Structures are given as structure tokens and as C-alpha cells.
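In: model the following, please.
(one chain, ligands or ions: 1)
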Amino acid sequence: MSIRNRIALQFSIIVASILIVFSVVIYVVSATYRREEFYERLKNKGRTTVRFLVEVNEVDQKLLKIIDRNTLTALINEKVLIFDSRNHLIYSSVDDQIIHYNAKLLNEVRQNGEVETYSGDNELVGLLYRQNGRELVVLSSAYDRFGRSKMENLRLTLGWGLLGGLSITIGLGIFFAGQSLRPISRINEQVSAITARNLRQRLDEGNRQDEIARLAINFNDVLTRLEQAFEQQRSFVSHASHELRTPLAALKSEIQLGLRRPLTVPEHEEVLANLLQDTDRLISLTNSLLFLARTLESIQSVPFQIVRIDDIVFLAKDELLSAKPTYRIEIDYENIPNDENETQVTGNEDLLKQVLLNLFDNACKYSPDHTARVRISTDHQFCRIAVHDQGIGISEEAQQHIFESFYRANNAMNYDGFGIGLSICAKIIELHQGEISVTSQLQAGSTFTISLAHI
Ligand code: ADP
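Out: Down below sits the predicted model:
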């Protein structure tokens, strides 16, 4: 069932229940009121008749019957019967009919003084009348045609009112539910039109206030992020192919040069040495790309645990120095941590070590003294590692791009590298919900700082 119909149905059930309860209450109250009013009339009639008969000497049974039949307010099937204490009928307002009476009813009247009951469709009242030691039972009955036809009218009015009310409610329910859900249908149509090729398209954000507008705003945010991811992927592929093409072209021209004429042995050696150098560069680039691809692929599923960041700093130092012994790394604490928790963070040791390796490597690579100065500092919330060098520095403009894949600043072109390391660092730090930043001045040096929330 569609949401529109479900809302309309719920709305109709609620209104229908209210209408039904309301109608039933009105009907029951009116019916009770009619009955009581009619019983009251019958009692008055019975009392008047018995008083005329017993107390007014001038009135005999004949006269009383004449009065009864000619009263303007006479009711349908009206009958007044008076019985004495031995259940003998001493007065009947009708004489052409066979009189049925029930001795049990008469006794009940004598016991209770007053009884309200039915006789077929007629209402019947029994009254006990006492005077001068005489006990008379008066039965007064009649058919309340006027009251019953009023009740019939009320039943019809309530029934049709209920039916009309329900139809209007269902109609309005469907209409208003459709109105409220129309923006969702619109969003639905717009979403169906979005494919990987037109990720630029955005949903109509309407009044930017209600829940549906907020849904559209959030969806647009997701689209923006998706578009960026697609864009990054596209540029990654084109950069990667470009980077691979350069050493391959160099390889090809070296080989062509070697084939052009017969070479002497030293010339052969030179060509082979060049080929080896280009192949090494190619291998190194392929390894970096592979590492980047693997890291990005598995970055969401790496296990996190509590690790000591200063321990990882020392591990990274040892690993880098064993691969590149000419480098120097000086590690220093800016402040003594208040307790050992201040250098403990929740993260992945291998990934954090990779970040530090990249930063240490860059600092040593891009500075003439091949020295990285590392400072560890902590405060009540964060643990920071600052990696400082006195190297070539990074221009203001280049600082905006160094965390993008394959970006290399102009002054770094004479150094080995592919521009991948810092983009990996940024992704890993983002995964750890930390921050990485850089301050630098050309020819003076650079400081890369990562800050992670400690436990
Ligand atoms: P790579 O060092 O392999 O080129 P990275 O992603 O590590 O790649 O760095 C991207 C760019 O940022 C470098 O090419 C360089 O221009 C700049 N850079 C990074 N670290 C430093 C540094 N310590 N000093 C100067 N420039 C740096």
C-alpha cells in the first residue's frame, strides 16, 4: 500500500471512530431521554385517571372513559387499567378489546411501588395507588409514535451524516496526503534522472526548511561528495597514466638510440645503466601506486587499537635510517606528558608509521643537511608531532596542493618522488579523525604537524 493511501486510511479510521462514537452517544442519550419522558407522561396519565376514579365522586367509569377517549393529548394504543388488591379489573379505558394482564407484573408493582417496562412495542408503567387502606394497581401503556418517529429521523440523519462525513474524510485524506507527499514524488523523479554521468545535477531544495527539503539538502551533499570522489578517481587515473608514460618513453628512446648503430662496449654499458635507472624509477612508481591503491582500498577495514604514538615515531626513525643511513632524525619532547595516556591514541600502527616515514623522508630528502627535527608535544586533548626541516621550503601557492595525489612543487622537480606520499598521509590522518597541516617558507624550511586526539 502506498504511503499516501496509508496516511489517508489512518486519517479516515481516526475520524470515523470519532464520528461513530459521537453518533452512538447522541443516539443513546436521545433514546433514554425519549423513554423517560414517555414513561413520565404515562405515569401522569395513570395517576390522573385513578384520582378521578377514586377521589372525584361526580365522575363515574362511563364519564371517565368518555373523558379518556376525547382528550386531545390521547396517545396511540393508549390504555389505562386499574386493578384492586385481588387482581380484579375495576377500570379499563378501553372496553372493546380483550384485556390481557399479568398477575406477576401486578405483584411486582405492589412490591416496588412503580415499574417501567414494555408490552410488545408499547411502553408500560405500573403504579401502586393507596388511599384509605385501599391498594390499587394502575397499568398505563401506549405507543410513543411521535417519539419513535423522532428517533427514526435521528437514526437516518446520523447514518447519512456518518456516511457523508466518512466520504469527505477519505477524499480529503487522499488529497492532503497526496499534497504533502508531492515533494517526495518530485524528488523521486529527479533522483531517477541522476546517473554516474550527470552527477552535477542537484535536487530542488524547496523551502530549505521542512523535513523533505532537509532530505534533499543531505542528498545534494552526498552527491557533491560522490562527484568529488569520481573526479578524484578520474584525475588519479589520468595522472597515473601520465607518470607511467614518462619513464616508458625514456626507456623506448634509450633502446632506439642503442639500436641506431653498433655500439662499443663502454657505450653499451652506458645505455644499460640508463635503462636500469629508468626501470628502477618505473618499479618504484609502480610500487607507490600499488601501495596507494591498497591503502585506499583497505583503509576503511583496518583494525584500530590503542597505540603509543611516541613509540611509533622511534620505530619509523629506525626503519628509515636503516634504509637511508645518510639521513639524520632528531627527536625531542616539547613538554613532559602529564601521564602516559597523553601519547596514546586509538589508531592503526602500520598506517601511522607510514605517515611518519613519509614526513621524515620528505624532510631529509628536501633539505641539504638531510636532517628532520621531530618534536612531540601534548596537551589535555591532543598529541602533536611536528616534523621540521631547514630545506627548500614550499611556496604559498604550492602549499594549497601538496596533499593532492601526484602534485609536485616546481622546486621539487630535481628530487626523486612522484607526489603520492602526502596524499596518502592526508587520507590516513583523516581516517584517524586527526589533522595534518604545514607551515613553510621558501629556502627556509618547512614544518609538517599532525595532531591526534589522545585517549
Ligand atoms: P614526493 O615527495 O614523492 O614528491 P609527496 O606527496 O611526499 O611526494 O610530496 C608532495 C610535494 O610536496 C613534493 O613534491 C614537494 O613539492 C612538497 N614537499 C613535501 N614535503 C616537503 C618538504 N619537507 N620540503 C619541501 N617540499 C616538500
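In: so which residue of the stretch 201-350 of the chain comes closest to the ligand?
Out: Ser288 (7.7 Å; C-beta to the nearest ligand atom). Placement of C-beta: from N, CA and C, glycine included.
In: tell me the secondary structure for Ala8?
Out: Under DSSP: H, G, I helix; E, B strand; the rest coil, Ala8 falls in the helix class.
In: test my guess that it contacts Ile174.
Out: Yes. Using C-beta atoms under 8 Å, Ala8 is in contact with Ile174, at 4.4 Å.
In: so which of those two has more stuff around it?
Out: Neighbour count, other C-beta atoms under 10 Å: between Ala8 and Ile174, Ala8 has more, with 22 against 17.
In: now Val271. Nearest residue, chain neighbours left out?
Out: Leaving aside its sequence neighbours, Val271 sits nearest to Gly258 (C-beta to C-beta, 6 or more residues apart in numbering; 4.5 Å).
In: the residue of the stretch 201-350 of the chain closest to the ligand contacts Ile420, correct?
Out: Yes. Here Ser288 reaches Ile420: they are 4.9 Å apart, a contact under C-beta under 8 Å.
In: tell me which of those two has more neighbours.
Out: Higher neighbour count among Ser288 and Ile420: Ile420, with 23 against 18, using other C-beta under 10 Å.
In: residue contacts, the more buried one?
Out: Residues near Ile420 by C-beta atoms under 8 Å, 6 or more residues apart in numbering: Ser288, Leu289, Phe291, Leu292, Ser405, Phe406.
In: so what's the closest residue to the ligand within the stretch 301-450 of the chain up against?
Out: The stretch 301-450 of the chain approaches the ligand most closely through Gly417 (2.5 Å), counting by C-beta to the nearest ligand atom. By C-beta under 8 Å, 6+ apart, the contact list for Gly417 reads Lys365, Arg408.
In: hmm, Arg408 is touching Gly419, no?
Out: Yes. Taking contacts as C-beta under 8 Å, Arg408 lies within contact range of Gly419: 4.2 Å.
In: re the thing from before, by pLDDT, give me the weakest of the contacts of Ile420.
Out: Within these, Leu292 has the lowest pLDDT, namely 75.
In: for it, give me phi and psi.
Out: Main-chain torsions, Leu292, degrees, to the nearest 10: phi -60, psi -50.
In: of the contacts of Ile420, buried ones?
Out: Buried by 16 or more other C-beta atoms under 10 Å: Ser288, Leu289, Leu292, Ser405, Phe406, out of the contacts of Ile420.
In: inside helices: which ones of those?
Out: Of those, the ones assigned to helices by DSSP state H are Ser288, Leu289, Leu292.
In: picking up where we left off before, can you confirm the residue nearest to Val271 is in a strand?
Out: No. Counting by three-state DSSP, Gly258 falls outside a strand, being helix.
In: show the pLDDT at Ala74.
Out: For Ala74, the predicted pLDDT is 61.
In: any idea how the chain splits into domains?
Out: Following automatic domain parsing, one gets these domains for the chain: 3-150, 211-298, 302-453.
In: deepest-packed of the ones you listed, please.
Out: domain 302-453 (a mean of 17; mean count of other C-beta atoms under 10 Å).
In: just how off-centre is it within its chain?
Out: In terms of C-alpha atoms, centre = their mean, to the nearest Å, the centre of domain 302-453 is set 42 Å apart from its chain centre.
In: repeat that for stretch 279-294.
Out: 45 Å.
In: could you pull out the helices for the stretch 51-200 of the chain?
Out: 61-70, 103-112, 145-192 (DSSP state H, counting those that start in this stretch).
In: reformat the domains of the chain as a markdown table; add distance to Ser167.
Out: Listed next are the domains of the chain as a markdown table, based on distance: least, C-beta to C-beta, whole Å:
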| stretch | distance to Ser167 |
| --- | --- |
| domain 3-150 | 9 |
| domain 211-298 | 29 |
| domain 302-453 | 58 |
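In: for Ser185, find the nearest of the ones you listed.
Out: Smallest distance to Ser185 across the domains of the chain (C-beta to C-beta): 9.1 Å, for domain 3-150.
In: endpoints of that closest one, how far apart?
Out: Taking C-alpha to C-alpha, to the nearest Å, domain 3-150 runs 43 Å from one end to the other.
In: quick one: the residue of the stretch 201-350 of the chain closest to the ligand and Ser93, what's the gap?
Out: Per C-beta to C-beta, to the nearest Å, Ser288 is found 119 Å from Ser93.
In: now Asn341
Out: For Asn341, the distance to Ser93 - C-beta to C-beta - is 105 Å.
In: and what of Ile168?
Out: Ile168 is 51 Å from Ser93, by C-beta to C-beta.
In: and Phe38, by the same measure?
Out: Distance, Phe38 to Ser93, using C-beta to C-beta: 17 Å.
In: the strands in this structure, which residues?
Out: 76-83, 89-92, 114-119, 122-131, 134-143, 305-308, 328-333, 344-347, 371-378, 382-389, 435-441, 445-453 (DSSP state E).
In: just send the ones you listed back as JSON lines, with distance to Leu63 too.
Out: Formatted as JSON lines, these follow (distance: least, C-beta to C-beta, whole Å):
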{"stretch": "strand 76-83", "distance to Leu63": "14"}
{"stretch": "strand 89-92", "distance to Leu63": "12"}
{"stretch": "strand 114-119", "distance to Leu63": "26"}
{"stretch": "strand 122-131", "distance to Leu63": "19"}
{"stretch": "strand 134-143", "distance to Leu63": "18"}
{"stretch": "strand 305-308", "distance to Leu63": "114"}
{"stretch": "strand 328-333", "distance to Leu63": "128"}
{"stretch": "strand 344-347", "distance to Leu63": "111"}
{"stretch": "strand 371-378", "distance to Leu63": "119"}
{"stretch": "strand 382-389", "distance to Leu63": "115"}
{"stretch": "strand 435-441", "distance to Leu63": "115"}
{"stretch": "strand 445-453", "distance to Leu63": "111"}
